[in-house]
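> I'd like to go over a predicted model; first the sequence, then the structure.
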Amino acid sequence: MTEFNIAAQPISPQQREAEDALEATVLASFGNADNERLGFLMQSLTRHLHAFIREVRLTEDEWQAAIEFLTAAGNITDDKRQEFILLSDVLGASAQCISVNNQAYKGATEATVFGPFFVENAPHIELGGDIAGVASGLPCWVEGTVTDTDGAPLPGARIEVWEADDQGQYDVQYPDGRISGRAHLFSDAQGEFRFWGLTPTAYPIPHDGPVGLLLEAVGRSPVRAAHLHFMVSAEGMRTLVTHIFVRGDELLDKDSVFGVKQSLIKEFVEHAPGTATPDGRDLGDRAWTQTRFDIVLAPQGT
Ligand code: BEZ
Ligand code: FE
């Protein structure tokens, strides 16, 4: 890559002094905030932002382009489309923030990005029920347990699941108001759960806006590795937001939002049409898959 570093463009001592002085003045301007945490955050942001501008010797045209990019992100954002979250996702900022705030605790299941497609009040299904509704795709039997880090079952854990159909679309991306490919269920007295979902399909994050243009400009794909979302909550436990991924998916190391973690990659066993299903359901001439996800929750406050 071409060397754009300042080391190649020496600046005079007077210029360095002027840049240092400006940065120090801005830092001081945030020094008296009533909210100390806010003052601390703004000072740190100032240090990093000024270091960036100075390191890359940012041109005024480049700064203007950045402002136009953020303006476009604001203009496309509404109550259904949140371009700034997408931006945070493709910068890896969402994944890093999750990492900082969900540190490893004993064997607790790892968290990953939330994404924009969770919907409150998704339908309730009984254990063994089907989340698909009108969503198309290869049926997938999902089963597992919810336990604490000592292995004790967590009965009554609330498990929210949501996923795209085999066209790579979530229900909320269709204009007809359908609710499909999502539901919630509760673990049983043994902490066990089971449901029918769809075998996950890879899909692109919304890329018809400024974030899509950015990805294109840098030669990156908007596609996410195939996954199934979970949000799991239980009394006294840290709420877990995560997904599971499909072992063997060739996109695992190219996920556009950096959400893949090795521990979340699961085997999805494929079954030919006519193979007996775990709950005796007759799928006719359809093939199906099967996976297992044992969920371990960390205690609240860890
Ligand atoms: C998702 O997995 O649903 C998602 C995550 C980040 C950006 C867009 C979609
Ligand atoms: Fe998703």
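Received the coordinates, thanks. Numbering: from 1, shown residues only. Ligands and ions are numbered 1, 2, ... in the order given.
> Single out the residue in the chain that lies closest to ligand 1.
Here the residue of the chain nearest ligand 1 is Gly115; by CB to the nearest ligand atom that distance is 2.7 Å. Quick note: C-beta positions are derived from backbone N, CA and C, even for glycine.
> Contact partners for that residue?
Listed by CB atoms under 8 Å, 6 or more residues apart in numbering, the contact set of Gly115 reads Asp89, His229, Val257.
> Then Ala234?
Ala234 makes contact with Val146, Leu154, Gly156, Ala157, Arg158, Ser187, Leu297 under the criterion CB under 8 Å, 6+ apart.
> Off-centre distance for the longest helix seen in the chain?
Among all segments of the chain classified by DSSP state H, the helix with the greatest residue count is helix 36-56. In terms of CA atoms, centre = their mean, to the nearest Å, the centre of helix 36-56 is set 26 Å apart from its chain centre.
> now the next helix-or-strand element following that helix against helix 36-56, angle please.
Under the assignment DSSP states H and E, the closest C-terminal helix or strand after helix 36-56 is helix 60-76. Between the axes of helix 60-76 and helix 36-56, defined by axes from the mean of the first three to the mean of the last three CA atoms, to 10 degrees, the angle is 130 degrees.
> And the contacts of helix 60-76?
Among residues not part of helix 60-76, those counted as contacts by CB under 8 Å, 6+ apart are Ile53, Glu83, Phe84, Leu87, Gly209, Pro210, Val211, Leu214.
> Excluding chain neighbours, what is closest to the first one?
Pointing back at Ile53 there. Nearest in space to Ile53, with sequence neighbours left out and distances taken as CB to CB, 6 or more residues apart in numbering, is Trp63 at 7.8 Å.
> again with the fifth one
Beyond its immediate neighbours in the sequence, the residue positioned closest to Gly209 (CB to CB, 6+ apart) is Ile76, lying 4.4 Å away.
> what's around the one you found, how many residues?
Ile76 has 16 neighbouring residues, counting by other CB atoms under 10 Å.
> go on, Tyr170?
Taking other CB under 10 Å as the neighbour definition, Tyr170 ends up with a count of 22.
> Over to Gln190?
For Gln190, the neighbour count with other CB under 10 Å is 12.
> Then the one 4 residues further on?
For Arg194, the number of neighbouring residues by other CB under 10 Å comes to 18.
> Is it located within a strand, as I assumed?
Yes. Residue assignment for Arg194, taken from DSSP: H, G, I helix; E, B strand; the rest coil, places it within a strand.
> wait, doesn't it sit right on Arg281?
No. With the criterion set as CB atoms under 8 Å, Arg194 and Arg281 do not qualify as a contacting pair; they are 11.4 Å apart.
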